[in-house]
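J.: following is a predicted model, sequence given first.
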Amino acid sequence: MHIKWRPDYELGIAKIDIQHMRLVGFINRMADVKNEKKGRDTMETVFTGLVDYCNYHFTIEEVAMKAHGFPGYENHKAQHKLFTQTIKKYKKDYLSGNDQFLTETIEYLHNWLIEHITVEDRKYVSMLKTKLR
């Protein structure tokens, strides 16, 4: 299951939109690795890349939200933390041999990311659009 980037996912903040596209790319890569049966080492690399990039991207969003007094900052940050913890759990489960839920994992990541972008991230757009470039 691939995520096809659509214009309605864009927030109009180029820096953030590019980062969101990169996150989509990680999830699509995960689906490719699964479908092509590339093996645990390759999937581990993708999981690690996704976690690392989430940390990078979420930090950028959170620093901007906090600096500009976004009222939903604490809730948004908590959502980021929970998502990152969930990815780490799925990675651990997968690496311990529990790969039967890999399709569900990819679907969860896909659904969470698109929902987060189109609902939660939209909440800060009006406040941050002129501040982030």
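T.: Yep, that arrived. Since the model is a prediction, treat every value here as computed from it, not as a measurement.
J.: what does the helix or strand of the chain with the lowest mean pLDDT contact?
T.: Across the helices and strands of the chain, mean confidence by mean pLDDT, DSSP states H and E is lowest for helix 122-128: a mean of 89. Residues outside helix 122-128 that contact it (CB atoms under 8 Å, 6 or more residues apart in numbering) are 11-13, 61, 64-65, 68-70, 72, 76. To be clear about C-beta, it is placed using only N, CA and C from the backbone, and glycine gets the same treatment.
J.: most widely separated two among the residues you listed?
T.: Spatially, the most separated pair among those is 12 and 69, at 20.1 Å (CB to CB).
J.: longest helix in this protein, please.
T.: Longest helix in the chain, counting residues (DSSP state H): helix 40-67.
J.: could you give the angle of the helix or strand following it to helix 40-67?
T.: Counting by DSSP states H and E, the element after helix 40-67 in chain order, helix or strand, is helix 73-95. Per axes from the mean of the first three to the mean of the last three CA atoms, to 10 degrees, the angle that helix 73-95 makes with helix 40-67 is 170 degrees.
J.: got the buried residues for the helix or strand where residue 15 lies?
T.: Here residue 15, judged by DSSP H and E, is contained in helix 14-35. Judged by neighbour count using 16 or more other CB atoms under 10 Å, the buried positions of helix 14-35 are 16-17, 19-20, 23-24, 26-31, 33-34.
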